[in-house]
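Trainee: Okay, predicted coordinates and the sequence, questions at the end:
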Amino acid sequence: RRLHPTIAFTPSRICLGVVKAAYWARERPSPRHERRHKGVDEKESRHWLESYQDSCALQAQMPDSLLVNLADREGDIYEWFAEYQDYAPAVRAEWIVRATQNRDLLVEPENAAKWLWSALDQAPVLGYTEVNVKPRPNRAARLAHITVRAATVPLKPPARVGYRLPALSINAVLAREETPPAGKEPLEWLLLTSLPVVSFEQATTVVAWYAVRWCIEVYFHVLKSGCQIKRLHLETEERLRPCLALYMVIAWRVLFSLMLARTAPDMDCEIVFDPREWRAAYIVVKRCPPPLTPPGLNEVIRLVASLGGYLGRKHDGPPGAKAMWIGLQRLRDFVIALEAQQDVAMRCV
């Protein structure tokens, strides 16, 4: 079974919610030789195109906002790039896709690069920037020093069975760690985009916005480890789909509250938390009556995260998703206990 959600984030990584989610069951594995003779509409790849189409529909409803659809290497689909050309400028969303295919280029001079990666290797250096490399099971977090190159490249359309695709010129940014630490795999992103990349500022904006895609990984981490959706043993799709929808809302709340607190720490906590929730967290953690005025959002986030194991020491960073989802689970129990205690007190009066 597969779940492909389109999730909205701001450049400051605040999760705005799920735009749309596609869910399907894979009946059997599809061998590579079979997929070669199928159109994109017959493959699971179509969900990337549908995600972009959903973004364009949303862009038409939000003319004063800029929407950019991000995708990892699975989204490196030529039909996507052609789809962009079919929309009017006023209603089409922009896009950034991490390249995985070293595509052929349409070039005239004999000495010109004939492949995508070679063309970006030969592009002039626009400048240098830094990217925070997120930790993984076999990789520690670090700050990578990145060389940024950019170019507009003419892509040769791939052959398709039954139809022909147009030749396209698209923008590309190569962000590469030229001198990684000893024993570390260098960071390299070749990003294809509809956004302009003429200047260093434009190219680094593409890199910075693509880095927001890591939030999708955190979102799925909350779904899989926090909500444990892989452990669901519901008998029918009719039961499974509402459960997935509910868990996607829960995952949104975890990320939304965390990042909103970092962006606006002094915001009224009741923007996110019910009065019963923040008061229960205050009583349990601080062991004293809650204040009459709601505290700031960041203070309450730290209280809730402390219920999930966050220590808040001097050199600790802000709370993470795991501490938050565990804290919210425990907070619900404390709210129920506090309400029960108040009901008992009322009956004894």
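Mentor: Ah, there it is.
Trainee: Would you map the helices across the stretch 51-200 of the chain?
Mentor: 78-85, 116-122, 200-211 (DSSP state H, counting those that start in this stretch).
Trainee: would you turn those helices into CSV with mean pLDDT and distance to residue 223?
Mentor: For the C-beta atoms, the positions are set from N, CA and C on the backbone; glycine is no exception. Below are the helices of the stretch 51-200 of the chain laid out as CSV (pLDDT from 0 to 100; distance: least, Cβ to Cβ, whole Å):
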stretch, mean pLDDT, distance to residue 223
helix 78-85, 91, 25
helix 116-122, 92, 33
helix 200-211, 95, 21
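Trainee: tell me the mean pLDDT over stretch 230-239?
Mentor: Averaged across stretch 230-239, the pLDDT comes to 78.
Trainee: quick one: contacts of that stretch?
Mentor: Taking contacts as Cβ atoms under 8 Å, 6 or more residues apart in numbering, the residues outside stretch 230-239 that touch it are 25, 224, 240, 243.
Trainee: need the longest strand for the protein.
Mentor: Longest among the strand segments of the chain by residue count, using DSSP state E, is strand 142-155.
Trainee: Quick check: buried residues in that one?
Mentor: Neighbour counts over strand 142-155 (16 or more other Cβ atoms under 10 Å) mark 142, 144, 146-151, 153, 155 as buried.
Trainee: likewise stretch 99-110?
Mentor: Across stretch 99-110, burial judged by 16+ other Cβ under 10 Å covers 99, 103, 105.
Trainee: likewise stretch 294-303?
Mentor: 294-295, 297-303.
Trainee: Repeat that for stretch 70-89.
Mentor: In stretch 70-89, counting by 16+ other Cβ under 10 Å, buried: 70-71, 75-84.
Trainee: Sketch out the low-pLDDT regions of the stretch 1-150 of the chain for me.
Mentor: Judged by pLDDT under 70, the stretch 1-150 of the chain has its weakly predicted residues at 1, 26-39, 42, 108-112.
Trainee: Let me see the backbone angles for the most centrally placed residue in the chain.
Mentor: By Cα atoms, centre = their mean, the mean C-alpha position of the chain lies nearest to residue 216, the distance being 2.8 Å. As for residue 216, its main-chain torsions (degrees, to the nearest 10) stand at phi -60, psi -40.
Trainee: Could you pull up the residues touching the closest residue in space to it that isn't next to it in sequence?
Mentor: Setting aside the residues directly before and after it, residue 216 is nearest to residue 7 in space (Cβ to Cβ, 6 or more residues apart in numbering), at 6.2 Å. Neighbouring residues of residue 7 by Cβ under 8 Å, 6+ apart: 15, 17-19, 215-216, 219, 252.
Trainee: Cool, thanks, talk later.
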